[in-house]
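Novice: fold the following, please.
(2 chains)
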Amino acid sequence: MLSKNGAKYFFLIGTVFFGAIFLSLSYDTLVQIPKQTKEQNMTPLVVKGKLLFDRHNCMGCHTIMGEGAYYAPDLTKVYETKGEDWIRNMLIDPEMVYPGARKMVKYDMNEADQDAMVAFLKWISEVDTNNWPPKPVNQE
Amino acid sequence: MKFKSQKLAYYFFAFAMLLLFLQITYGFIMGFARIGMEGLHEWIPFNVARATHTNLLVVWLLAGFMGAAYYIIPDETDRELEWPWLGYVQLISLVVVSVTAVIGFHFNWWEGRKFLEIPRELDYLVVVNVLAFIANIGVTLLKGKQRTTTAGILFFGLLAAALFYLPGMIHFDNQTTDSFFRWWVVHLWVEGVWELIMGGILSFLLIKLTGIDREVIEKWLYVIVGLTFLSGILGIGHHYYYIGTPNYWLAVGGFFSALEPLAFLGMAIFAVTMAKRGGRKHPNALALNWSIACALLSFVGAGLLGFAHTLPMWNKWTHGTLVTGMHGHLAFWGAYAALILAFITYALPQLTGRKLYNSKMASFAFWASNIGMCLMTVAFGIAGIIQVVLERRMGMDFLTVQTEIEPHFIGLLLAATLFASGILAYIYVFIKAGLPTDRLGEVYDE
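Specialist: As a prediction, this is how the structure comes out:
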């Protein structure tokens, strides 16, 4: 029968052991992220786009790489599927693109900020996400 | 209660009740928006409501944990808190930070990072606040007449939770690296160190409510928290499947997160077995009911519903859909919200000196909120599954699918009304219990 001391060591040894594996894998991941995310393409404009993405809390409605709020579409591949002009129009006046549909904040974004958002969304679309999102079954 | 300084817990609980009420209010704003009733959009767009809803959740749970710790640590160490006054200062600063953050969200003062939207400037205040809390309970523990496993695990969980807040404060330009470390906070909190806090609080409640020998309960506590870290640390991999991180996380995350229900299963068996062995003789039966509900619903919400979409071959379809919302609601409710409500139900008569437990209103609060949340989970689940089939598998347009699933959000709102009526009843019982007293002694023994 397991003693209290035995249970304590199960907890302590398990925590240290799996913690060490986690830290090792994290180190390897941080080494690999630049290549997998094509960090060489992360221009200052892309970085500005990420800042704008955070400042407007786009993740508070949309998802990106599947992370966010599920109220508005995922934006990982929006640059590929909808194109630059569509993105710019949405950033100016979403009501103009989808009249009467679920509302998005009207940002009336200036051209410089639009450029940054487009650059960020283009960069995101090229990140290797382990083949996510999958293609619908009838399009495979 | 045994010590005057435990009274501090009451005020943390009162603050938690207020935030819970506000959290539900913002939940309704989002629910109505999902069925097309977006009248508040100009003032409270969805992203503001969402950030407010989730951050209020985090803060009220933290306030609940802190209140519980301020009650448990003196009890377990058999001495007064080291600096009760610091606890009151810390509560005031927590109120100031929370109110400022919530108001700030409405003026777009935030960081757009899910669950960690509190702006950087306020993060520093959070750190100072938590340091004051950790110091207070840590020194009390060190100077205590006795050091118990329950208090030790609870303190270790709270300390680790404080430390894991820090990776979320580092800025990264790369979205993937940013997300990678964001999960160090969110995942290692809710599927890691918060489970230690949960184990510690549940253990304290079971010792008090069942009368089972502390040694037996604490032995199983070690086994459960051991299982938590065995599965939960590398279970973080389920957040790293598709965010630009190496593909070995698919195997690592899949395997270890499939083991995560074990800790919650352990918690459920632990609570039910101890309650049965103890013979349910404690006068505050509802506190034990809440404790068992916490253990069972955390197993269903966090364990089973988490498992239902955690394996990579399923998750590639469900990732980023309402299926996550289904799991998230019952998991947070079962594991953490119900836990704090269990603790308040146990501690309130002790804090106020009034034997107002087991009233009809308190029973209604228990059943309405738990059944309401289960039905909300069902509504989220149906909406999520339909979304997965139509949008992900069949390739239908996002907004078209959202219109298709609107009826399930009407169902969600009805379930949420039942849930909210239960919470309002709980808050009513809390207010009716009155303010805390200085009278010492064990109410349940009188």
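Novice: lowest confidence element among the helices and strands of chain B?
Specialist: Across the helices and strands of chain B, mean pLDDT, DSSP states H and E gives its lowest value to helix B:261-278, namely a mean of 91.
Novice: which residue is the nearest non-sequential neighbour of residue B:91?
Specialist: Of all residues not flanking residue B:91 in the chain, residue B:11 sits nearest, at 5.6 Å (Cβ to Cβ, 6 or more residues apart in numbering or on different chains). Using the backbone N, CA and C atoms, a C-beta is placed for each residue, glycine as well.
Novice: and residue B:364, by the same measure?
Specialist: Counting by Cβ to Cβ, 6+ apart, residue B:364 lies nearest to residue B:425, which is 5.0 Å off, once chain neighbours are set aside.
Novice: buried sites along stretch B:38-46?
Specialist: Neighbour-count burial for stretch B:38-46, counted by 16 or more other Cβ atoms under 10 Å in any protein chain shown, picks out B:38, B:41, B:44-46.
Novice: in strands, which of those fall?
Specialist: Assigned to strands by DSSP state E, none of the buried residues of stretch B:38-46 qualify.
Novice: farthest pair within those?
Specialist: B:38 and B:44 (9.6 Å; Cβ to Cβ).
Novice: is chain B contacted by the longest helix along chain A?
Specialist: The longest helix of chain A (DSSP state H) is helix A:4-36. Yes: Helix A:4-36 lies within reach of chain B by Cβ under 8 Å from any Cβ of the partner chain, at A:4, A:7-8, A:10-11, A:14-15, A:18-19, A:21-22, A:25-26, A:28-30, A:32-34, A:36.
Novice: which parts of chain A are strands?
Specialist: Counting by DSSP E, the strands of chain A are A:63-64, A:67-68.
Novice: out of the ones you listed, which is closest to chain B?
Specialist: Chain B sits nearest to strand A:63-64 of all the strands of chain A, at 4.2 Å, using Cβ to the nearest Cβ.
Novice: quick one: mean pLDDT over that closest one.
Specialist: Strand A:63-64 comes out with an average pLDDT of 98.
Novice: nearest the geometric middle of chain B, what residue?
Specialist: Centroid-nearest residue in chain B: residue B:336, 3.0 Å away (criterion: Cα atoms, centre = their mean).
Novice: and it, how far is that from chain A?
Specialist: Per Cβ to the nearest Cβ, to the nearest Å, residue B:336 is found 20 Å from chain A.
Novice: thought that residue was touching residue B:61?
Specialist: Yes: using Cβ atoms under 8 Å, residue B:336 makes contact with residue B:61 at a distance of 5.0 Å.
Novice: what's the closest non-adjacent residue to whichever residue of chain B sits closest to chain A?
Specialist: Residue nearest to chain A within chain B: residue B:47 (2.6 Å; Cβ to the nearest Cβ). In space, residue B:47 comes closest to residue A:60 once its chain neighbours are excluded; the distance is 2.6 Å by Cβ to Cβ, 6+ apart.
Novice: and the one you found, how many neighbours?
Specialist: Look at residue A:60: counted by other Cβ atoms under 10 Å in any protein chain shown, it has 26 neighbours.
Novice: output the below-cut-off pLDDT ranges for the chain.
Specialist: Since no chain was named, I'll use chain A. A:140 (pLDDT under 70).
Novice: to clarify, I was referring to chain B.
Specialist: Residues of chain B meeting the criterion pLDDT under 70: B:280, B:446.
Novice: mind giving me the domain ranges of it?
Specialist: If you go by automatic domain parsing, the domain ranges for chain B are B:1-147, B:300-446.
Novice: for the closest residue to chain B within chain A, which residues are in contact?
Specialist: Going by Cβ to the nearest Cβ, chain B is nearest to residue A:60 of chain A, at 2.6 Å. By Cβ atoms under 8 Å, 6 or more residues apart in numbering or on different chains, residue A:60 lies in contact with A:68-69, B:46-48, B:50-51, B:112, B:114, B:117.
Novice: go with 10 Å
Specialist: Residues near residue A:60 by Cβ atoms under 10 Å, 6 or more residues apart in numbering or on different chains: A:68-69, A:71-72, A:105, B:45-52, B:54, B:105, B:110, B:112-114, B:117.
Novice: repeat for residue B:380
Specialist: Contact analysis of residue B:380 by Cβ under 10 Å, 6+ apart lists A:70, B:305, B:322-330, B:408-409, B:411-412, B:415.
Novice: would you agree residue B:301 falls within a helix?
Specialist: Yes: under DSSP: H, G, I helix; E, B strand; the rest coil, residue B:301 sits within a helix.
Novice: ok so, going back, identify the contacts common to residue B:38 and residue B:44.
Specialist: With Cβ under 10 Å, 6+ apart as the test, residue B:38 and residue B:44 both reach residue B:29.
Novice: residue A:119: neighbour count?
Specialist: When neighbours are counted by other Cβ under 10 Å, residue A:119 registers 22.
Novice: which non-adjacent residue is nearest it?
Specialist: Nearest to residue A:119 is residue A:45, by Cβ to Cβ, 6+ apart, at 4.2 Å.
Novice: ok, now residue B:100?
Specialist: residue B:122 (6.4 Å).
Novice: and residue B:87, by the same measure?
Specialist: residue B:8 (4.4 Å).
Novice: surely that neighbour and residue B:82 touch.
Specialist: No: the pair residue B:8 / residue B:82 is not scored as a contact, 11.8 Å apart, by Cβ atoms under 10 Å.
Novice: compare the two (neighbour count), which wins?
Specialist: Remark: of residue B:8 and residue B:82, residue B:8 carries more neighbours, 25 against 21, as counted by other Cβ under 10 Å.
Novice: how far away is the more buried one from residue B:63?
Specialist: According to Cβ to Cβ, to the nearest Å, residue B:8 and residue B:63 sit 12 Å apart.
Novice: try residue B:213
Specialist: If you measure residue B:213 against residue B:63 using Cβ to Cβ, the figure is 32 Å.
Novice: now for residue A:85: which residues touch it?
Specialist: Contacts for residue A:85 were tallied using Cβ under 10 Å, 6+ apart; they are residue A:118.
Novice: what distance do you get for it to residue A:79?
Specialist: Counting by Cβ to Cβ, the gap from residue A:85 to residue A:79 is 11 Å.
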